[in-house]
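[1] fold the following.
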Amino acid sequence: MDPETSRVRVRPLEGQGLPTNILIECSSEERKSHPVGTKFKTENVKVCKKTDGRIYLRAKDQWICKIQKV
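    Numbering: from 1, shown residues only. This next block holds a predicted model:
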C-alpha cells in the first residue's frame, strides 16, 4: 500500500537490478483483484517521468501476470 495515495502499488523485488522504491504502472483492475503481497511478472517496461519529475516504470500495455499469491 502506498502511504502517499492509499492505493495498492506494484514495485520491483530486491535482486532485480532496479530500485525497490520505484513504482510500476499497470492495470489498476489487476492490482485491486489480488491481495497485497501477490507477486507479478511483467516484461517490456519503459522508464517514464511524471510532470512533477517522479520517475516510474510503465508495463507495456499495462500488462502484468500473477505468478504467486500470498
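
[2] could you pull out the helices in the chain for me?
    Per DSSP state H, the chain carries helices over the ranges 28-32.

[3] strands of that one, start to end?
    For the chain, the strands defined by DSSP state E occupy 24-25, 39-41, 46-49, 55-58, 65-68.

[4] quick check: which of those strands is nearest to residue 18?
    Counting by Cβ to Cβ, residue 18 lies closest to strand 55-58 out of the strands of the chain; the figure is 7.5 Å. Heads up, the C-betas are built off the backbone N, CA and C, glycines and all.

[5] residues touching that closest one, excluding its own?
    For strand 55-58, contacts defined as Cβ atoms under 8 Å, 6 or more residues apart in numbering pick out 12, 18, 22-26, 45-50.

[6] same thing with stretch 25-39?
    By Cβ under 8 Å, 6+ apart, stretch 25-39 touches 1, 7-10, 13, 40, 42, 48, 56-59, 62-64, 66-70.

[7] give me whichever of the strands of the chain is most buried.
    Burial among the strands of the chain, expressed as mean neighbours by mean count of other Cβ atoms under 10 Å, is greatest for strand 24-25, which shows a mean of 18.

[8] quick one: distance of that one to the chain centre.
    Centre-to-centre, strand 24-25 and its host chain are 4 Å apart (Cα atoms, centre = their mean, to the nearest Å).

[9] next one: stretch 61-69
    Computed by Cα atoms, centre = their mean, the chain-centroid distance of stretch 61-69 equals 9 Å.

[10] make 49 the first number, not 1, from now on.
    Sounds good: first residue 49 from here, last item stretch 109-117.

[11] for the nearest residue to residue 97 once chain neighbours are set aside, give its distance to residue 115.
    Nearest residue to residue 97 in three dimensions, chain neighbours excluded: residue 103, at 5.6 Å (Cβ to Cβ, 6 or more residues apart in numbering). To residue 115, residue 103 is 25 Å away according to Cβ to Cβ, to the nearest Å.

[12] no more questions from me, cheers.
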